[in-house]
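K.L.:
coordinates only, sequence not included:
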């Protein structure tokens, strides 16, 4: 079973990397970019076909490792 | 206009970071994880409402900065 986890910064949390990308895009001549926020995406291969179990395991993976839940949100897509 | 760009490694490209995450998840007791591949996600705020122009600008942003098109694929969601 394939799943995708998307981890993004919570609203209000400063994103210096996103700011740097904004500046770089402008200097590279890409116009009309108002704001950029960067996050992480994980494509995860899971054994078995039990969706509920997979969701539970992915939630544990996010809370333990993939996301810093103080400043990041995570979204699980199975 | 809000857009999302997802950048992932092409198939066949080794992902040491993904391998490290796999190992860490196993040692943290998260079972059933067969494989992990990590990528980047960019949430981009664009000025104006012309979708075609937005797509063109995002494609240029990916090719110039956000993705290394030799080893990475990018996917644009508007």
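P.N.:
That came through fine. Every value quoted in this text rests on a predicted model; they were computed, and no experiment measured them.

K.L.:
and residue A:41, what does it touch?
P.N.:
Under the criterion of C-beta atoms under 8 Å, 6 or more residues apart in numbering or on different chains, the neighbours of residue A:41 are A:4-7, B:6, B:8, B:38-41. Any C-beta I mention is one placed from the backbone N, CA and C, and that applies to glycine too.

K.L.:
pull the most distant pair out of those residues.
P.N.:
The two members of those with the most space between them (C-beta to C-beta) are A:7 and B:8, at 14.0 Å.

K.L.:
which element follows the lengthiest strand in chain A toward the C-terminus?
P.N.:
Counting residues, the longest strand found in chain A (DSSP state E) is strand A:33-46. Using DSSP states H and E, the helix or strand that follows strand A:33-46 towards the C-terminus is helix A:51-61.

K.L.:
is that next one anywhere near chain B?
P.N.:
Yes. Helix A:51-61 reaches chain B (C-beta under 8 Å from any C-beta of the partner chain) through A:53-54, A:57, A:60-61.

K.L.:
columns distance to residue B:45 on top of those, output as a markdown table?
P.N.:
Shown next, in a markdown table, are the residues of helix A:51-61 next to chain B (distance: C-beta to C-beta, whole Å):
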| residue | distance to residue B:45 |
| --- | --- |
| A:53 | 37 |
| A:54 | 33 |
| A:57 | 34 |
| A:60 | 33 |
| A:61 | 30 |
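
K.L.:
narrow these to those that are buried.
P.N.:
Among the residues of helix A:51-61 next to chain B, those scoring as buried are A:54, A:57, A:60-61 (criterion: 16 or more other C-beta atoms under 10 Å in any protein chain shown).
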